[in-house]
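> got a predicted structure here, sequence first:
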Amino acid sequence: MRMRHDPADYAWLLAGAAMISVGSGLAGIYSFRGRLLPVAFGFVLFFVGFRLSQFGVHEWPDRRLADVVSVDGSATNRAVLAKRGSAVAAGPLLIGGGVTLFSQTIIDPSLEYAVLAGVVSVAGYVVSHYGMMGRLL
């Protein structure tokens, strides 16, 4: 692991942090408006920003960004890519749904919906984590 960082490492980090901030803002604002798709899109931006920051700090310049998404043509790798891609697609929807539901329980309190919001949000996190990192935890 490298200990020294080049200025370009910080560019990755700043770009990722900007996407995380915009995504979090979208999710926060639109969750209180009860709008699932903008909230889910906000989480997509958050995840992309997280991954960009992580890539820049831990993997660049030893790997190219294209290496992160490249897959050889084997059926096994295509199946894994399809499974992880599905998780990446479903995760933000689940988290977005949970966060939106929880925000609505702040406006109109309901213990049942708050518990459901927590379960759905955590499930979305686990699904998203598997999609992005290839492992559940």
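Everything's here; your move. Numbers count the residues shown, from 1 in each chain.

> center of this structure - which residue?
Among the residues of the chain, the one closest to the centroid is Phe47, at 2.7 Å (Cα atoms, centre = their mean).

> okay, the host helix or strand of that one in CSV with CA atoms only?
Secondary structure from DSSP states H and E places Phe47 in helix 36-58. In CSV, the C-alpha atoms belonging to helix 36-58 read as follows (Å, rounded to 0.1, in the frame of the first residue of the first chain):
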residue,chain,number,x,y,z
LEU,A,36,-38.7,7.9,-4.3
LEU,A,37,-36.9,8.2,-7.6
PRO,A,38,-35.0,11.4,-6.8
VAL,A,39,-34.0,9.9,-3.5
ALA,A,40,-32.8,6.7,-5.2
PHE,A,41,-30.9,8.8,-7.7
GLY,A,42,-29.3,10.7,-4.8
PHE,A,43,-28.1,7.4,-3.4
VAL,A,44,-26.7,6.4,-6.8
LEU,A,45,-24.7,9.6,-6.9
PHE,A,46,-23.6,8.9,-3.3
PHE,A,47,-22.4,5.4,-4.2
VAL,A,48,-20.6,6.5,-7.3
GLY,A,49,-18.9,9.3,-5.3
PHE,A,50,-17.9,6.8,-2.6
ARG,A,51,-16.5,4.5,-5.2
LEU,A,52,-14.6,7.3,-7.0
SER,A,53,-13.0,8.4,-3.7
GLN,A,54,-12.2,4.8,-2.7
PHE,A,55,-10.7,4.2,-6.1
GLY,A,56,-8.5,7.3,-6.1
VAL,A,57,-7.2,6.7,-2.6
HIS,A,58,-6.7,2.9,-2.7
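
> from Leu116, how far out is the residue nearest to the centre of the chain?
Here the criterion is Cβ to Cβ, to the nearest Å. By it, Phe47 lies 23 Å from Leu116. In this view, the C-beta of every residue, glycine as well, is placed from N, C-alpha and C.

> then Val127?
From Val127 over to Leu116 (counting by Cβ to Cβ), the distance is 16 Å.

> and the two? Which one has more around it.
A side-by-side neighbour count of Val127 and Leu116, using other Cβ atoms under 10 Å, places Val127 first with 21 against 16.

> ok, residues contacting the helix or strand harbouring that one?
In this structure, Val127 is located in helix 111-133 according to DSSP H and E. Applying Cβ atoms under 8 Å, 6 or more residues apart in numbering, the set of residues contacting helix 111-133 from outside is 43, 47, 50-51, 84-99, 101-102, 104-105, 135-137.
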